[in-house]
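Trainee: everything below, folded, please.
(chains A, B, C and D)
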Protein chains: 2
Amino acid sequence: MVEQYKQQRPYLLALDSIIFGFDGEGLRVLLVKRGIEGSTWSLMGGWLQPEESLEQAAARILFELTGLTNVYLEQLHAFGDPYRDPIVRTISVAYFSLVKVADYESNLSEAFQARWFSIYDLPTLLFDHADMVELALKRLRYKAAQHPIGFELLPEKFTIPQLKKLYDAIYNTDFDKRNFSRKILSTGLLIKLDEKQKGFSKKGAYYYQVDAVKYGQLTNSFLNFIPNTDTIL
Amino acid sequence: MVEQYKQQRPYLLALDSIIFGFDGEGLRVLLVKRGIEGSTWSLMGGWLQPEESLEQAAARILFELTGLTNVYLEQLHAFGDPYRDPIVRTISVAYFSLVKVADYESNLSEAFQARWFSIYDLPTLLFDHADMVELALKRLRYKAAQHPIGFELLPEKFTIPQLKKLYDAIYNTDFDKRNFSRKILSTGLLIKLDEKQKGFSKKGAYYYQVDAVKYGQLTNSFLNFIPNTDTIL
DNA sequence: ACAAAAGTGTTGGAACTACACCCATGT
DNA sequence: ACATGGGTGTAGTTCCAACACTTTTGT
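Mentor: Numbers count the residues shown, from 1 in each chain, chains lettered A, B, ... in the order given. The predicted model follows:
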């Protein structure tokens, strides 16, 4: 029965990472200049190694670029059009991750020419990487509406106005600050700290942090209509 | 620069299909007995061919088993743990599809020993196929709450009570029939036909069909809170 | 004192939940 | 006539969107 396997043709398997960050102003994507191809911006990527799972490989590649571990990482989609890479057929499994820009700044590996780009102003990208970014953005929007993953993009301590700016950036809109803060606080996920942000505004905004216990216990039933899909079966 | 590719090890790439069906009673998954392994139930699967995209391969494999085309098909996840297949390392991209059981019955290819199983009573499955089914069910629940994909599991003409039974089966619950029908009809997606179902109940329920035009125009903003993520950018 | 951002409260409408009765028809 | 499932209506509640003024503090 091993015969069946031997007749099959194998393919190269790559991973590509859509790395989102937020710098207080806009939603950003981290891109690298591929040394080999020379002048094209592309997503950070790499090859699957024999003893790695896909997830491990994606985490390793992210680490190689940013030095970060314990980062939000989620599989996005497998891309496999026959000619997506014109040189050798390659299947790429794309992952997207959310990083705190402040953490990254200090960790950047110089080996890659990396730069943050606004998602509304991307350069031309290698292969099908633009499709990947577009899909990742859709997924981020879809997901952030139901799961409070937005926190992954902010520092440990953040203010409500910062959080609102993040959501404004993700959805490219301008939420009403009163309704926004009511809605966010009503989740009970935020702990108000006894400390105000200095320097940015005159009055100063209170810092909050995520209640790690409640955040860990979250299920996915923030939804309309769905009974809690984590525990149905 | 081609050197970089040559150093990389390639992997076998398989596709596996989680095929959901609804027979009027419960939500079912179509499983096959793998001829070669002999006695184990597994998902329908196959190998990626050199000139196919992943999606085309998944559609082909589905066709080979069921004879169906134009079926709802969506990529679920890529599974790549190093030892998921103990014989040869294989990456599998899983797709899930929704089929109308009635269509399938007449089309079944005899070459595969296929059977519908209740999702609440599955046999032991090959490799990580049980994980795949579990994830597919979560995705179906998640998705069906926001997108009216439930219709894909029903025949062209169906009654509201049938549709309610389907949703009851998907969520393993019992929706209130008055609220359910109000909610479904308020979408404006259903066209009431001038024909009643015969034989099942004394009174007979009206048939409906999906308004194909409106269904095609759907965006994904049935959601709580998300501005329409299809058109933001 | 004033400018700039933070913070908070109310109201009308919409949507959701819970709940019970009548209808049509085959036997 | 009666049993079976089909179909509909209402009332209370909650949730959401829209909207404007007061507070704090650095300059």
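
Trainee: pretty sure residue A:143 sits in a strand.
Mentor: No. If the criterion is DSSP: H, G, I helix; E, B strand; the rest coil, then residue A:143 is helix and not within a strand.

Trainee: quick check: it vs DNA strand D, distance?
Mentor: The gap separating residue A:143 from DNA strand D is 17 Å, by Cβ to the nearest atom of the strand, to the nearest Å. Every residue, glycine included, has its C-beta placed from N, CA and C.

Trainee: who touches that residue in this structure?
Mentor: A:74, A:149 (Cβ atoms under 8 Å, 6 or more residues apart in numbering or on different chains).

Trainee: pLDDT score for it?
Mentor: What the model reports as pLDDT for residue A:143 is 86.

Trainee: likewise residue A:63?
Mentor: Looking at residue A:63, its pLDDT is 94.

Trainee: just the pLDDT for residue A:107.
Mentor: On the pLDDT scale, residue A:107 gets 62.

Trainee: who's the closest residue to residue A:153 other than its chain neighbours bridged to?
Mentor: Closest residue to residue A:153 apart from its sequence neighbours, by Cβ to Cβ, 6 or more residues apart in numbering or on different chains: residue A:22 at 4.2 Å. With DSSP bridges as the criterion, residue A:22 is bridged to residue A:27, residue A:100.

Trainee: dump the worst-scoring helix or strand of chain A on mean pLDDT to CSV, keeping only the CA atoms.
Mentor: When each helix and strand of chain A is scored by mean pLDDT, DSSP states H and E, helix A:3-6 comes last, with a mean of 72. Output in CSV follows, covering the C-alpha atoms of helix A:3-6 (Å, rounded to 0.1, in the frame of the first residue of the first chain):
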residue,chain,number,x,y,z
GLU,A,3,2.9,2.1,-3.6
GLN,A,4,0.1,4.5,-3.6
TYR,A,5,2.2,7.2,-2.0
LYS,A,6,5.2,6.6,-4.3
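
Trainee: mind listing what's buried along it?
Mentor: For helix A:3-6, the neighbour count (16 or more other Cβ atoms under 10 Å in any protein chain shown) marks residue A:5 as buried.

Trainee: cool, and stretch A:135-150?
Mentor: Applying a neighbour-count criterion of 16+ other Cβ under 10 Å, one finds A:135-146, A:148-150 buried in stretch A:135-150.

Trainee: could you do stretch A:180-187 as well?
Mentor: A:180-181, A:184.

Trainee: how far off centre is it?
Mentor: 23 Å (Cα atoms, centre = their mean, to the nearest Å).

Trainee: hmm, it in reach of DNA strand C?
Mentor: Yes. Judged by Cβ under 7 Å from any atom of the strand, stretch A:180-187 and DNA strand C are in contact via A:181-182.

Trainee: out of the buried residues of stretch A:180-187, which sit inside helices?
Mentor: Applying DSSP state H to those, the entries found in helices are A:180-181, A:184.

Trainee: sorry, back to before: and for the least confident helix or strand of chain A, what are the contacting residues?
Mentor: With contacts defined as Cβ under 8 Å, 6+ apart, helix A:3-6 is touched by B:12, B:36, B:87-88, B:90.
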